[in-house]
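**Student:** pasting the sequence and the predicted coordinates here, then a few questions.
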Amino acid sequence: MIRRSLCLLAAVAAAAGEFNFSNTMGDNMVLQQAPASAQVWGLADEVGKSVTVTLQQAGGATEQEIETTTISETGIIIWKVAFDPIKASNDQYSVTATLEGNSSVTAKNILFGDVYICSGQSNMQFTVDQAFNASAEVAAADNFPNVRLYTAAEELSTEEQQQILKVEQPWSVASSAAVGGGNWSYFSAVCWFFGRNLNEKLNYPIGLIATNWGGTPVRSWSPPEATAECPSGAPPSVADLPNQHYFKPLTSPSQESVLWNAMIVPFLRTNIKGAIWYQGESDCDNTHASVYACLFPAMIRNWRARWAIASNTSSLFPFGFVQISTWGDHNNGTCTNEGQCIDTAIVRHGQLGNYSQVPNKVMPAVFMATGVDLGDPTSPFGDIHPRFKQQVTKRLSDAALNVAYGQDVYYSGPIASSVSLKGSTIEITFTNISSSLQVKNSMGFEVRDATNTQEWGWTYVTSAVTKSSSTTISLSVPSSVTKPVEIRYNWYRSPCTPAVGPYGCAIYDQDSMLPAIPFRLEL
């Protein structure tokens, strides 16, 4: 299924030899607000020419005027300027760039606010038209004209590109037409709901750049510097990833750095507030799952470093992600392919850098929303694509309000902090609770027996799980386990009860109904 494009050849919007803005910019865009110095740039045909760039508020006098000179940079001839910082507001601006000899280009209806990159694979690509309550959500987009949208088309490259090779949706004012572009086209549901939620809470403009490709692994989006830090292996087979959504099976969209080159690098000269990410399903195989804990943090570090160099974006810009949801097995026990189940759990844990939570010391200024209890086995788009995008994005935007904006918002569910064995009873204590734990069922717990020499020496806990206190739960060691040495929770692909709807895991924060993060602890 190939996505529909508004401008199939938008890569030539600023073709070689033509004085123009970069095709990552244009009418209706959002520029990053103060304290950033928003950068605007474009192409030219000759080094050393004078360019005058003016910033003007709609209907007002020129506010800033900057003179610059065309230069050769990263293999192309460009002009670029950075404006003095401007606070976010709903005021409209225009930017005019004039080349000596009176050739000029103007971008209109520009706002200052916060700009976010939204990237990943098919669950980020999944559109508003595919989410629950789609018709009402699409119609409601008309009420958010100060959220602006841009979608890059799927392209890959073995070399870094400075322009987007193809633009699916140029900068657009949010509307039912701009949000409701069809299945797998535009606009990304997670990206849209995230930006809309921030706009409602912060009451200033939000710019959203969707750049994603279904069925792609983390290494495709990672700079070579990141992949060099971590061991790699052969790309996973399409056959090993049932119900994935694949587009245009070119030479290899799974090749290292090809999507970084084509779909991330062109945005590096754009100041951003942060990025959000929904990806990981394509790394759930026995070759790549264990690498995720190395490569994902390395990717984030290298994205930050390159953005800081190219646009003076903060070298610790906030980065949020969705912890992958469930698919495949919905029998509420260990799935038929134990290895694949464990690979999924390893990736979920790897998304946190193998820590119990984010932010952490290897992933500072990182925030997360878990999707582990939002499985959707009846999704018409395949059960790997849950339609509960509003719910998971509410968690993600709340996390952003806390981590990126310093607001006192509870955003992460209970975190297992310690475990003790008292006779045949295991007690688990949790932190990060708003008031009290809630035990909804007894599913998802397994105990490892040191005397079991089989490769998968875990026994599923079938006895009741009870709440011992507001922060502690208790459960009994299975009678077949003679020497318990470790316990894990939700450590396989589909550990909760999606058949009865979302929120089917065992342990929650009582007030917020945020689920406990999957964990593994030694006794």
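**Tutor:** Looks like it arrived, so ask away.

**Student:** list the buried residues for the longest strand that the chain contains?
**Tutor:** Selection of the longest strand in the chain by residue count, based on DSSP state E, yields strand 103-120. Within strand 103-120, the residues scored as buried using 16 or more other Cβ atoms under 10 Å are 105, 107, 109-120. C-beta coordinates here come from the backbone N, C-alpha and C atoms, glycine included.

**Student:** do the same with stretch 30-50
**Tutor:** 30-33, 36-44, 49.

**Student:** next one: the residue nearest to Ile487 when sequence neighbours are not counted relative to Val115, how far apart?
**Tutor:** Nearest residue to Ile487, sequence neighbours excluded (Cβ to Cβ, 6 or more residues apart in numbering): Val447, at 5.3 Å. Val447 is 47 Å from Val115, where distance means Cβ to Cβ, to the nearest Å.

**Student:** for Leu523, same thing?
**Tutor:** 47 Å.

**Student:** for Tyr405, phi and psi?
**Tutor:** phi -120, psi 0 (degrees, to the nearest 10).

**Student:** tell me who's in contact with the residue lying closest to it once chain neighbours are set aside.
**Tutor:** Computed as Cβ to Cβ, 6+ apart, the closest residue to Tyr405 that is not its neighbour in sequence is Leu202, at 7.3 Å. Listed by Cβ atoms under 8 Å, 6 or more residues apart in numbering, the contact set of Leu202 reads Ala88, Asp114, Tyr405.

**Student:** could you export these as CSV, including distance to Val291?
**Tutor:** CSV is the format used below for the contacts of Leu202 (distance: Cβ to Cβ, whole Å):
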residue, distance to Val291
Ala88, 39
Asp114, 32
Tyr405, 32
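
**Student:** related to what we said a few turns ago, tell me the one among the buried residues of strand 103-120 nearest to Val258.
**Tutor:** Ser119 (13.8 Å; Cβ to Cβ).

**Student:** list the contacts of that closest one.
**Tutor:** Going by Cβ under 8 Å, 6+ apart, the list of residues near Ser119 reads Ala210, Thr211, Asn212, Trp221, Met263, Ile264, Ala275, Ile276, Trp277, Gln279.

**Student:** what's the local residue count around the third one?
**Tutor:** As a burial measure, the neighbour count of Asn212 was computed by other Cβ atoms under 10 Å and equals 27.

**Student:** quick one: it from Tyr150, how far?
**Tutor:** From Asn212 to Tyr150 the distance is 12 Å (Cβ to Cβ).

**Student:** which stretches of the stretch 251-400 of the chain have low pLDDT?
**Tutor:** 251, 329-340 (pLDDT under 70).

**Student:** would you map the strands across it?
**Tutor:** 274-278, 319-323, 366-370 (DSSP state E, counting those that start in this stretch).

**Student:** all strands of the stretch 401-523 of the chain, in order?
**Tutor:** Counting by DSSP E, counting those that start in this stretch, the strands of the stretch 401-523 of the chain are 415-422, 425-431, 437-439, 445-449, 458-460, 466-467, 472-476, 484-489, 507-509, 519-522.

**Student:** tell me the mean pLDDT for the last one?
**Tutor:** Strand 519-522 shows a mean pLDDT of 95.

**Student:** walk me through which strands that strand pairs with, and which way each runs.
**Tutor:** Strand 519-522 has its sheet partners listed here by DSSP bridges as strand 484-489 (antiparallel).

**Student:** next: the fourth one.
**Tutor:** Strands adjacent to strand 445-449 in the sheet, as given by DSSP bridges, are strand 458-460 (antiparallel), strand 484-489 (antiparallel).

**Student:** do the same with the third one
**Tutor:** Strand 437-439 pairs in its sheet with strand 507-509 (antiparallel), by DSSP bridges.

**Student:** which residues touch Val392?
**Tutor:** Val190, Val322, Ser325, Ala369, Thr370, Gly371, Leu374, Pro386.

**Student:** how about the nearest residue to the last one, chain neighbours excluded?
**Tutor:** In other words, Pro386. Asp376 is the one closest to Pro386 (Cβ to Cβ, 6+ apart), at 3.6 Å.

**Student:** would you mind measuring from the closest residue to Thr313 other than its chain neighbours to Ala416?
**Tutor:** Distance criterion Cβ to Cβ, 6+ apart; nearest residue to Thr313, sequence neighbours excluded, is Trp307 at 4.2 Å. Distance, Trp307 to Ala416, by Cβ to Cβ: 34 Å.

**Student:** same question, Ser311
**Tutor:** 40 Å.

**Student:** repeat that for Thr54.
**Tutor:** On the measure of Cβ to Cβ, Thr54 and Ala416 end up 57 Å apart.

**Student:** how about Ser185?
**Tutor:** For Ser185, the distance to Ala416 - Cβ to Cβ - is 41 Å.

**Student:** any idea of the pLDDT on the residue of the chain most remote from its centre?
**Tutor:** Here the centre of the chain is the reference, and by Cα atoms, centre = their mean the most remote residue is Gly101, at 44.1 Å. What the model reports as pLDDT for Gly101 is 75.

**Student:** where does it fall, phi/psi-wise?
**Tutor:** Dihedral angles for Gly101 - degrees, to the nearest 10 - are phi 100, psi 0.

**Student:** quick one on the thing from earlier: give the pairing partners of the longest strand of the chain; include direction for each.
**Tutor:** Counting by DSSP bridges, strand 103-120 is paired with strand 30-32 (parallel), strand 89-99 (antiparallel), strand 206-212 (parallel), strand 274-278 (parallel).

**Student:** orientation of that strand relative to strand 319-323 in degrees?
**Tutor:** 40 degrees (axes from the mean of the first three to the mean of the last three Cα atoms, to 10 degrees).

**Student:** where are the low-confidence patches of the stretch 1-150 of the chain?
**Tutor:** Using pLDDT under 70, the flagged stretches of the stretch 1-150 of the chain are 1-17.

**Student:** sorry, back to before: looking at the contacts of Leu202, which is nearest Leu352?
**Tutor:** Distances from Leu352 to these, taken by Cβ to Cβ, are shortest for Tyr405, at 21.3 Å.

**Student:** pretty sure Val258 is touching Thr158, no?
**Tutor:** Yes: the pair formed by Val258 and Thr158 meets the contact definition of Cβ atoms under 8 Å, at 6.2 Å.

**Student:** the more surrounded of those two?
**Tutor:** Between Val258 and Thr158, counted using other Cβ under 10 Å, Val258 has the larger neighbour count: 23 against 12.

**Student:** how much space separates the nearest residue to that one once chain neighbours are set aside from Lys166?
**Tutor:** By the measure of Cβ to Cβ, 6+ apart, the closest residue to Val258 outside its immediate chain neighbours is Leu156, 4.0 Å from it. Plainly put, Leu156 is 11 Å away from Lys166 if you go by Cβ to Cβ.

**Student:** cool, Phe187 as well?
**Tutor:** 17 Å.

**Student:** neighbour count winner among these two?
**Tutor:** Remark: of Phe187 and Lys166, Phe187 carries more neighbours, 28 against 20, as counted by other Cβ under 10 Å.
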